[in-house]
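In: Just a sequence and a predicted model for now, questions to come.
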Amino acid sequence: MEFLLDGFVQAIILLVHLDPETYSAIRATLWSSSAAMAVSLVLGLPAGFWLGYHNFYGKHALRTVVDTLLSLPTVLVGLIVYAFISRQGPLGEMGLLFTLPGIAVGQAILAWPVVVALTATAVESMDRQLSITLRSLGADRRQLLLSTLWEARFGILAAGVTAYGRVMTEVGISMMVGGNIKWATRTMTTAIALETNKGMFATGVALGLVLLAIAFAVNVSLSFLRRQVR
Amino acid sequence: MTPLFRKPVIFAFCACLILFSSGIAGAQQTLMMATTTSTDDTGLLDYLMPLFTKDSGIDLKWTATGTGKALKLGENCDVDVLLVHAPPAEKKFVEDGFGINRRQVMYNDFVLIGPAGDPAAIKGKTVKEALAAIRAKQSVFTSRGDKSGTHQQELALWKAAGGPMPEKEPWYVQTGQGMLATINVAAERNGYTMTDRGTFIKYEADHKGNPPLKILVEGDQVLLNQYSVITVNPARCPKVKADLAETFSKWMAGERGQQLIAGFKLLDKQLFTPNANE
């Protein structure tokens, strides 16, 4: 039990003393998860809009598929990405294995269905009148997309926060694709897994709390953003 | 869009840019190694690597996994060099053409550990007798169960002890995790396990020299744990940096590496014995 308290104390020490190993892991985590979020938002928002906005044959089936992908096991994503970016794999030439961009690719795959599904829900729940009004005002397709997404911005922000939480805390992809390499691809989550495997439970707890603190910082900046765009 | 929306977006973009640019590493020659958890967990690599980089100018990165996955990474050409400890699997790896120039560099030994109370009374017995006693008593025995070098060694010992291989027996617990995690499971269950001595000394140090599990069987010839360096075969994997791997392999087996290995201590105990010259 006492390792919980030890961990709490250690977490504060790690942050205050600017422990270089911890900051390296924080940087790796922020780098890969931010890159993954950027990619999944760019690819996920239009797809989510399209899925939520249009009615077409097979829409329900497609939604079910996307909803199922919300449960993608991270280790499976890790293994699939590994198969492609291994030197023996079709994308081996790109040298992505054991790099942060490699982790980001996997995490983007993990985040994408979250962004799509929640964006689609946000768009679906909007007033149908909006698109009629927009079109009667002569909006073209791009304006229609942007205005609708803008009106659904809070739902989309929630999608982003949820997806960010998922990628920042996953360990399967980071471990398999990143390899937990010290000073390079050791993220907060793989560091936690490593310390726990080493039996250093207090350090594991400390790193977990640090990760939670980062998530808090990210959410504070997002709620700041939310107030800005109200 | 409102101008207000743009500002944070620009801010976020700049922040991403800074993060991205700092993600690009220096243009040093980098050697990628797959190794086992024991070399990493004990701190041996953290101690050796800066010295190797100083001597050779090569930046060595490693991923620490079980020997099973390490060999697989070598087979898939994803690493340049291996530092592993499962001689039969290694020999097969080289025979199958996946690796070249296997050099033995050092050994430590395995020990059987268990609760001080020693319910199966294995203390001081040979490995064969000890395992038979654990089986007869149905005392809890935790196994790595992860195809690591340690796991393979353990299976070989069970085989040598005779009788059916333990697999589904309720007293035989396969953790599927690293060595220290497996020791911790054994401690929680008041059971026995087999570990390399290096990891055990680390475990002892973590418990301020007074751990719940003690060494009960040691010194048996069958408990030797040989580590080797293998270069991934460049004929199969053209991208492999075989020359850098050779530099590392020779450094480890050479005088400098061997001396450093002998000098690595934890709690004043030497963890690994260099034996490249044998």
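Out: It's in. Numbers count the residues shown, from 1 in each chain, chains lettered A, B, ... in the order given.

In: where exactly do the strands run in chain B?
Out: B:29-36, B:58-65, B:81-84, B:99-115, B:141-143, B:172-174, B:192-196, B:213-217, B:224-232, B:265-266, B:269-270, B:273-274 (DSSP state E).

In: Nearest to A:Ile80 among the ones you listed would be which one?
Out: Closest of those to A:Ile80 is strand B:58-65, at 18.5 Å (criterion: C-beta to C-beta). Any C-beta I mention is one placed from the backbone N, CA and C, and that applies to glycine too.

In: residues near the closest residue to chain B within chain A, how many?
Out: Nearest residue of chain A to chain B, counting by C-beta to the nearest C-beta: A:Gly179, 3.4 Å away. By the criterion of other C-beta atoms under 10 Å in any protein chain shown, A:Gly179 has 28 neighbours.

In: What is the neighbour count of the closest residue to it other than its chain neighbours?
Out: Excluding the flanking residues, the one nearest A:Gly179 by C-beta to C-beta, 6 or more residues apart in numbering or on different chains is B:Thr63, at 3.4 Å. The number of residues packed near B:Thr63 is 25, by other C-beta under 10 Å.

In: Can you name the residue of chain B nearest chain A?
Out: Closest point on chain B to chain A, by C-beta to the nearest C-beta, is B:Thr63, at 3.4 Å.

In: For that residue, which residues are in contact?
Out: With contact set as C-beta atoms under 8 Å, 6 or more residues apart in numbering or on different chains, B:Thr63 has these partners: A:98, A:179-181, B:32-35, B:70, B:73, B:79.

In: of the residues you listed, closest to B:Ala161?
Out: Closest to B:Ala161, out of all of those and judged by C-beta to C-beta, is B:Ala70, at 26.9 Å.

In: hang on, isn't that closest one packed against B:Ser38?
Out: No - judged on C-beta atoms under 8 Å, B:Ala70 makes no contact with B:Ser38 at a distance of 11.4 Å.

In: in the helix or strand of chain A with the lowest mean pLDDT, what counts as buried?
Out: Ranking every helix and strand in chain A by mean pLDDT, DSSP states H and E puts helix A:129-136 at the bottom, with a mean of 84. The neighbour-count check on helix A:129-136 (16 or more other C-beta atoms under 10 Å in any protein chain shown) flags A:131, A:134 as buried.

In: near chain B at all, it?
Out: No - shown here: helix A:129-136 not in contact with chain B (C-beta under 8 Å from any C-beta of the partner chain), separated by at least 14.6 Å.

In: quick one: that helix to chain centroid distance?
Out: Using C-alpha atoms, centre = their mean, to the nearest Å, the mean C-alpha position of helix A:129-136 is found 33 Å from that of the whole chain.

In: same thing with stretch B:141-156?
Out: 12 Å.

In: Show me what from the stretch 101-250 of chain B comes close to chain A.
Out: Going by C-beta under 8 Å from any C-beta, the residues of the stretch 101-250 of chain B near chain A are B:177-178, B:180-181, B:183-184, B:202-203, B:206, B:237, B:239.

In: Just the buried ones from those residues?
Out: By 16+ other C-beta under 10 Å, these give B:177-178, B:180-181, B:183-184, B:202-203, B:206, B:237 as buried.

In: Just the ones of those residues in helices?
Out: Those of these mapping onto helices are B:180-181, B:183-184, B:202-203, B:206, per DSSP state H.

In: quick one: which of those is nearest to B:Ile113?
Out: B:Ile183 (7.2 Å).

In: that older thread, any chance of the contacts of B:Thr63 in TSV with distance to A:Leu211 and pLDDT as columns?
Out: TSV is the format used below for the contacts of B:Thr63 (distance: C-beta to C-beta, whole Å; pLDDT from 0 to 100):
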residue	distance to A:Leu211	pLDDT
A:Phe98	22	90
A:Gly179	19	89
A:Asn180	15	89
A:Ile181	19	88
B:Met32	27	94
B:Met33	28	95
B:Ala34	26	94
B:Thr35	26	93
B:Ala70	28	92
B:Leu73	27	92
B:Val79	28	94
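
In: Just name the closest of the residues you listed to B:Gly117, please.
Out: For those, the minimum distance to B:Gly117 (C-beta to C-beta) is 35.4 Å, reached by B:Thr35.

In: For the closest residue in space to A:Pro73 that isn't next to it in sequence, give me the pLDDT.
Out: Nearest residue to A:Pro73, sequence neighbours excluded (C-beta to C-beta, 6+ apart): A:Gly172, at 6.9 Å. pLDDT, A:Gly172: 94.

In: Who are the contact partners of the residue most central in space within chain B?
Out: Nearest to the mean C-alpha position of chain B, by C-alpha atoms, centre = their mean, lies B:Thr36 at 2.5 Å. By C-beta under 8 Å, 6+ apart, B:Thr36 lies in contact with B:64-67, B:70, B:83-85, B:148-150.

In: Next one: it from A:Thr29, what distance?
Out: For B:Thr36, the distance to A:Thr29 (C-beta to C-beta, to the nearest Å) stands at 26 Å.

In: again with B:Pro238
Out: 34 Å.

In: The two: which has the busier surroundings?
Out: Ranked by neighbour count (other C-beta under 10 Å), B:Pro238 and A:Thr29 place A:Thr29 first, with 26 against 9.

In: Can you report how many residues neighbour the closest residue to B:Trp171 other than its chain neighbours?
Out: Spatial nearest neighbour of B:Trp171, excluding adjacent residues (C-beta to C-beta, 6+ apart): B:Gln138 at 4.5 Å. Neighbour count of B:Gln138, defined by other C-beta under 10 Å: 13.

In: again, but for the one 10 residues further on
Out: As a burial measure, the neighbour count of B:Ser148 was computed by other C-beta under 10 Å and equals 27.

In: who's in contact with the nearest residue to it once chain neighbours are set aside?
Out: Nearest in space to B:Ser148, with sequence neighbours left out and distances taken as C-beta to C-beta, 6+ apart, is B:Gly66 at 3.3 Å. Going by C-beta under 8 Å, 6+ apart, B:Gly66 touches B:36-37, B:144, B:146-149, B:151, B:178.

In: So which of these is the closest to B:Gly263?
Out: B:Thr36 (20.8 Å).

In: That closest one pairs with what?
Out: Counting by DSSP bridges, B:Thr36 forms beta bridges with B:Thr65.

In: just B:Lys214 next, same as before
Out: B:Gly114.

In: circling back to that earlier point, among the contacts of B:Thr63, which one sits closest to A:Ala83?
Out: B:Leu73 (12.9 Å).

In: and the closest one, how many residues sit next to it?
Out: Counted with other C-beta under 10 Å, B:Leu73 comes out at 24.

In: Skipping its backbone neighbours, what lies nearest it in space?
Out: B:Ala34 (4.5 Å).

In: How about the contacts made by the one you found?
Out: Taking C-beta under 8 Å, 6+ apart as the test, what B:Ala34 contacts is B:62-63, B:65, B:69-71, B:73-74, B:78-79, B:81-84.
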